[in-house]
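Peer 1: Okay, sequence plus prediction incoming.
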Amino acid sequence: MSWTDERVETLKRMWAEGQSASQIAKELGGVTRNAVIGKVHRLGLSNRVGGKDEEEAEAPAARPEPAPQPAPVAAAPRPEPAPEPVAAAPRPAPEPRPAPAAPVANVTPLPVRKPLVPAGQPLPPQPSANEISPEALASVREVEKRARRLTLMELTERTCKWPIGDPATDDFWFCGLPSLPGKPYCEAHVGVAFQPMSARRDRRR
DNA sequence: CCCTGATTCGC
DNA sequence: GCGAATCAGG
């Protein structure tokens, strides 16, 4: 495989999006992550400018820089170019979902892109307490305290993909703990995801 | 061990 | 220019 214009374009785009080298390599196919990284450097876009510092970013505690920004013209909006969605800070006090009281007439097809799902209504089928063994339920609740709270993009083939919270709000993430080999979930969540039919009392409601 | 990007250097 | 091997790290 060679670096055709199209492939380079894909590389640039994904790199700008903050995708990892291995993810990009997987997407492109025929190249390793090393190849991707090498290309990235040769293209001179190694520093994810405008991007963001992830992981353990070094705190610029004492900056020798005296005059950073002259701040000229009046109120300039955020120069932030790439508002990459990053794991939001855990909020201790999750907002109660706005009551679906009065369906607003206007459809606001605009920048109000908060909820991807109309807040309030039909949530994805969540395992209800009365159809899961108490032990499994307990372990799940325990585990969810330790969950890594990954975002969608942070999931890999070895992270638990169990969704936690309400997709309609910011209070939503994926478990992210190590998944069982060959399974999409961690041990605790496998326990509630896969159950022998015999155990599934149709505790019909 | 899983993963990340950075660098080197023979090709 | 390319990318495997290696390095350095979370």
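Peer 2: Yes, it's here.
Peer 1: Now residue A:10: which helix or strand?
Peer 2: helix A:5-16 (DSSP states H and E).
Peer 1: as a whole number, average confidence for that helix?
Peer 2: For helix A:5-16, mean pLDDT is 92.
Peer 1: again with stretch A:162-176
Peer 2: Stretch A:162-176 comes out at a mean pLDDT of 85.
Peer 1: Report the angle between the following helix or strand past the helix holding residue A:10 and helix A:5-16.
Peer 2: Proceeding N to C from helix A:5-16, the next assigned helix or strand is helix A:21-28, under DSSP H and E. Relative orientation of helix A:21-28 and helix A:5-16, computed by axes from the mean of the first three to the mean of the last three C-alpha atoms, to 10 degrees: 150 degrees.
Peer 1: Run through the neighbouring helices and strands of the helix or strand of chain A with the lowest mean pLDDT.
Peer 2: Within chain A, no helix or strand scores below helix A:134-146, which has a mean of 74 by mean pLDDT, DSSP states H and E. When contacts are defined as 3 or more C-beta pairs under 8 Å, 6 or more residues apart in numbering; DSSP states H and E, helix A:134-146 sits against helix A:187-193. Every residue, glycine included, has its C-beta placed from N, CA and C.
Peer 1: which of the residues in the helix it packs on are buried?
Peer 2: A:188, A:189, A:190, A:191, A:192, A:193 (16 or more other C-beta atoms under 10 Å).
Peer 1: likewise stretch A:159-177?
Peer 2: So, applying 16+ other C-beta under 10 Å, buried residues of stretch A:159-177: A:159-162, A:164, A:166, A:168-169, A:171-177.
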